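**Q** A structural model of the following input is requested.
(one chain, ligands or ions: 2)
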Amino acid sequence: MKIILLGAPGAGKGTQAEKICEKFNIPAISTGNIIREALRSGTEMGLKAKSYMDEGKLVPDEVVIGIIKERLAKEDCAGGFILDGFPRTIPQAEALDKMGIVIDKVVDIEVADDKIAARMSGRRVCEKCGASYHLEFKKPSVDGVCDACSGTLVQRKDDHPDTVLSRLEIYHKETEPLKSYYEAQNKLVIVEGQDEVADTTRLVFEALE
Ligand code: ADP
Ligand code: ZN
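**A** Numbers count the residues shown, from 1 in each chain. Ligands and ions are numbered 1, 2, ... in the order given. Here you go, the predicted model:
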């Protein structure tokens, strides 16, 4: 199954992508994670993306399209995949169509803007391996320490409150039009994001049936 997860930044796409990955045994691909990984290892692509990302702006289409092309060509994607955070613009969606990739379902996780801002302030990531946590919804076993690698948990620069507002604005302007794009292809399913992660997961699984 080839799945796209849509939704505002902080709507919980990453968390749900992990759940789908476990259940369907297909890779969850996050362009945000790939870019952050490139940043940590100091590649040229990472350096190019850094200023956009830190300011909460979208990385240029040609850069992320290149990333996705490369990633989807890998063997583990042959049996399907979940895209988390791609596409984020109409040209990105068109690029996917042009690659000849036929998406089965697009699940849009809806969360109101005021809730998003509150959620994002609690988000933390491991500076070493990139695993993500939340002070309230996805706590690590030990405060401030990554369960996976014992790295230190930090707040992403683009999760600071002032940046969050501009990310939401960009989401509404650039990404939300993808709902109509995929509705026209009869692929869109809308899920209301719930307060409990497990409740959202149940709705996401229903949407994928
Ligand atoms: P979130 O889902 O919380 O917004 P991501 O980790 O998906 O976080 O993305 C973080 C940042 O990475 C974005 O604000 C943007 O700068 C960059 N990015 C990730 N995916 C894309 C994309 N498809 N197009 C453009 N920029 C992207
Ligand atoms: Zn870690």
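
**Q** Any residues of the protein in contact with ligand 1? List them.
**A** Contacts of the chain with ligand 1, taken as Cβ under 6 Å from any ligand atom, map to 9-10, 13, 30-32, 35, 52-53, 56-59, 64, 85-88, 92, 158, 167. The C-beta positions use only the backbone N, C-alpha and C, and glycine is treated the same way.

**Q** could you redo the last one with a cut-off of 8 Å?
**A** Applying Cβ under 8 Å from any ligand atom, we find that the chain lies next to ligand 1 at 7-11, 13-14, 30-33, 35-36, 49, 52-53, 56-61, 63-64, 68, 84-89, 92, 120, 123, 156, 158-159, 167, 170-171.

**Q** Quick one: buried ones out of those?
**A** Buried positions within the residues of the chain next to ligand 1, assessed by neighbour count (16 or more other Cβ atoms under 10 Å), are 7-11, 13-14, 30-33, 35-36, 49, 53, 56-59, 61, 63-64, 68, 84-89, 92, 120, 123, 156, 158-159, 167, 170-171.

**Q** List the ones among the residues you listed that fall in strands.
**A** Members of those lying in strands (criterion: DSSP state E): 7, 30, 84, 123.

**Q** what's near enough to touch the residue in the chain that ligand 1 sits nearest to?
**A** The nearest approach of the chain to ligand 1 comes at residue 32, 1.9 Å away (Cβ to the nearest ligand atom). Residues near residue 32 by Cβ atoms under 8 Å, 6 or more residues apart in numbering: 14, 84-85.

**Q** I'd like to know how far it sits from ligand 2.
**A** Taking Cβ to the ion, to the nearest Å as the measure, residue 32 falls 16 Å from ligand 2.

**Q** quick one: pLDDT of that residue?
**A** Per-residue pLDDT puts residue 32 at 93.

**Q** Also residue 121?
**A** 87.

**Q** need the contact list for it.
**A** Contacts of residue 121 (Cβ under 8 Å, 6+ apart): 159, 161, 164.

**Q** so which of those comes closest to residue 201?
**A** Within the contacts of residue 121, the smallest distance to residue 201 is 22.5 Å, found for residue 159 (Cβ to Cβ).

**Q** The closest one against residue 120, yeah?
**A** Yes. Here residue 159 reaches residue 120: they are 5.0 Å apart, a contact under Cβ atoms under 8 Å.

**Q** tell me, what's touching these two both at once?
**A** With contacts defined as Cβ under 8 Å, 6+ apart, the residues shared by residue 159 and residue 120 are residue 10.

**Q** Around ligand 2, pick out the residues from the protein.
**A** Residues of the chain found near ligand 2 (Cβ under 5 Å from the ion) are 126, 128-129, 131, 146, 148-149, 151.

**Q** mind listing what the residue lying farthest from the centre of the chain touches?
**A** Most distant from the centre of the chain: residue 142, at 25.1 Å, with distances by Cα atoms, centre = their mean. Under the criterion of Cβ under 8 Å, 6+ apart, residue 142 has no neighbours.

**Q** How about the secondary structure of it?
**A** Three-state call for residue 142 (DSSP: H, G, I helix; E, B strand; the rest coil): coil.
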